[in-house]
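**Student:** kindly generate the corresponding structure for this input.
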Amino acid sequence: MSLPARVPGLTLPATGPLVDPFGRVHTYVRVSVTDRCNYRCTYCMPAEGLDFKPRETLLSFEEIERIVTVLHRLGIRRVRLTGGEPLVRRGLHHLVARLAALGLDDLAMTTNGELLGRRADELARAGLRRVNVSLDAIDPGVFAAMSRGGDVQRVLAGIDAARAAGLTPIKINAVMVAGTNDDQVLPLVRAFADHADDTVVRFIEYMPFGDARRQHLPAAAVRDVLARHYTLEPVGPGPGGPAVDWRLVETGQRIGFISPLTEHFCQACNRLRLEADGHLRTCLSRDDTPSLRDLLRGGASDDDLDAALRRMVWGKVAGHEADAAVFRAFEGVMTRIGG
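**Tutor:** Residues are numbered from 1 along each chain as shown. Presented below is the predicted three-dimensional model:
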């Protein structure tokens with residue numbers, strides 16, 4: 001897919017929805033509540049770990065609520081809580097309750113699932129609607145190697161708890177790395193075949209951050225694996241996100257593919273990412289926006305915040321300009337962005 005072109009004559013609006021120079025209207029924000037994580041996934045974090053940001057530099061729940069309130073006024077309707085691992089932040093259900101009270105169309109969370117088993121009920125009671133769970137392998141050894149020590153059975157128990165709490169549909173996100181977990185395509189699909197009504201398995205192309213170089217596995221190669229065992233019917237883009245869905249005729253399962261390198265979705269991008277320290281990342285590949293945290297702590301009014309958000313979105317680039325051949329590294333590290 002080609003990158004979008006600027007809309008002739010379009011100027012920075014002072015009112016109305018959040019729009020960029022390419023005419024894309026933004027309705028979805030991912031909110032990272034922490035850069036900390038209880039896993040050390042090989043594609044997300046270097047082996048030596050990271051220097052996490054001091055806690056006082058992270059947005060408070062009150063600051064997150066205020067930013068999301070203004071974003072909601074500007075047309076944001078869908079919010080996803082991310083990390084790091086969001087469940088390592090104490091009292092997350094209190095933030096969920098604050099955001100649920102805004103009347104959003106959707107309030108979801110992406111988690112590695114390790115702590116979900118004992119938190120699913122309280123999150124659902126607070127107003128969380130559904131979860132995405134990162135699960136790159138069903139095989140315990142492959143999973144432990146990729147997560148550097150994770151227990152796949154605890155994650156599966158967390159998924160069961162989320163289902164019991166009504167946090168559905170559940171989306172299983174598997175980042176595919178050639179030579180590492182490419183033998184897990186069929187096991188992942190088969191593991192959730194009995195839950196076709198409320199669980200979607202999604203395969204995600206590895207996104208290059210920092211100096212990392214991975215064996216890239218195109219979404220088309222994953223579809224080829226599935227096509228040798230199932231009949232695939234195209235469904236089309238998922239509701240409001242980057243995934244393109246297919247249906248497995250034999251099981252009725254919906255399978256999603258998120259392909260940032262081989263099948264760009266920049267043309268229709270409606271997403272923003274609020275990092276845990278208050279930086280608003282308008283494109284996954286860019287790490288150069290001012291801090292909303294500093295504006296808030298400097299005494300900015302909601303109108304000031306409104307104007308700053310409009311300017312930041314107006315500075316959004318056409319797209320990330322990376323592809324499987326060039327493999328240009330994105331700025332920053334994945335654990336600080338939240339996907």
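
**Student:** what about Thr11, how many residues nearby?
**Tutor:** Thr11 has 8 neighbours, counted by other Cβ atoms under 10 Å. (Glycine included, C-beta is placed from N, CA and C.)

**Student:** look up phi and psi at it.
**Tutor:** When read as degrees, to the nearest 10, the backbone of Thr11 gives phi -120, psi 160.

**Student:** next: Ile172.
**Tutor:** The phi/psi pair for Ile172 (degrees, to the nearest 10) reads phi -100, psi 120.

**Student:** can you check Val177 too?
**Tutor:** Residue torsions, per degrees, to the nearest 10, at Val177 are phi -130, psi 120.

**Student:** pass me the low-pLDDT residue ranges in this protein, would you?
**Tutor:** 1-2, 208-214, 238-241, 263-265, 320-339 (pLDDT under 70).

**Student:** mind listing the helices for it?
**Tutor:** With DSSP state H as the criterion, the chain has helices at 61-73, 92-100, 120-126, 140-147, 152-164, 185-191, 219-227, 292-297, 302-314.

**Student:** got the CA positions of the fourth one in PDB?
**Tutor:** This points to helix 140-147. The C-alpha trace of helix 140-147 is given here as PDB (Å, rounded to 0.1, in the frame of the first residue of the first chain):
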ATOM      1  CA  PRO A 140       6.600 -24.300  26.700                       C
ATOM      2  CA  GLY A 141      10.200 -24.400  25.700                       C
ATOM      3  CA  VAL A 142       9.800 -22.100  22.700                       C
ATOM      4  CA  PHE A 143       7.700 -19.700  24.800                       C
ATOM      5  CA  ALA A 144      10.200 -19.700  27.700                       C
ATOM      6  CA  ALA A 145      13.100 -19.000  25.300                       C
ATOM      7  CA  MET A 146      11.300 -16.100  23.600                       C
ATOM      8  CA  SER A 147      10.100 -14.500  26.800                       C
END
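
**Student:** my guess is Arg24 meets Arg271, correct?
**Tutor:** No - in this structure, Arg24 is not within contact of Arg271 by Cβ atoms under 8 Å, at 9.5 Å.

**Student:** give the contact list for Arg129.
**Tutor:** By Cβ atoms under 8 Å, 6 or more residues apart in numbering, the residues touching Arg129 are 106-108, 167.

**Student:** now render the helices of the chain as JSON lines, adding mean neighbour count.
**Tutor:** Formatted as JSON lines, the helices of the chain follow (neighbours: other Cβ atoms under 10 Å):
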{"stretch": "helix 61-73", "mean neighbour count": "18"}
{"stretch": "helix 92-100", "mean neighbour count": "19"}
{"stretch": "helix 120-126", "mean neighbour count": "19"}
{"stretch": "helix 140-147", "mean neighbour count": "17"}
{"stretch": "helix 152-164", "mean neighbour count": "19"}
{"stretch": "helix 185-191", "mean neighbour count": "18"}
{"stretch": "helix 219-227", "mean neighbour count": "16"}
{"stretch": "helix 292-297", "mean neighbour count": "18"}
{"stretch": "helix 302-314", "mean neighbour count": "17"}
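
**Student:** next, format these as CSV and append distance to Pro234.
**Tutor:** Putting the helices of the chain into CSV (distance: least, Cβ to Cβ, whole Å) gives the following:
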stretch, distance to Pro234
helix 61-73, 33
helix 92-100, 34
helix 120-126, 33
helix 140-147, 29
helix 152-164, 26
helix 185-191, 17
helix 219-227, 10
helix 292-297, 39
helix 302-314, 32
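
**Student:** residue ranges of the strands in the stretch 1-150 of the chain, please?
**Tutor:** Taking DSSP state E, counting those that start in this stretch as the test, the strands found in the stretch 1-150 of the chain are 28-32, 78-82, 106-111, 130-134.

**Student:** circling back: now list the buried members of the contacts of Arg129.
**Tutor:** 107-108, 167 (16 or more other Cβ atoms under 10 Å).

**Student:** make JSON lines out of these and add distance to Glu122.
**Tutor:** Listed next are the buried ones among the contacts of Arg129 as JSON lines, based on distance: Cβ to Cβ, whole Å:
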{"residue": "Leu107", "distance to Glu122": "14"}
{"residue": "Ala108", "distance to Glu122": "16"}
{"residue": "Leu167", "distance to Glu122": "11"}
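
**Student:** lovely, talk soon.
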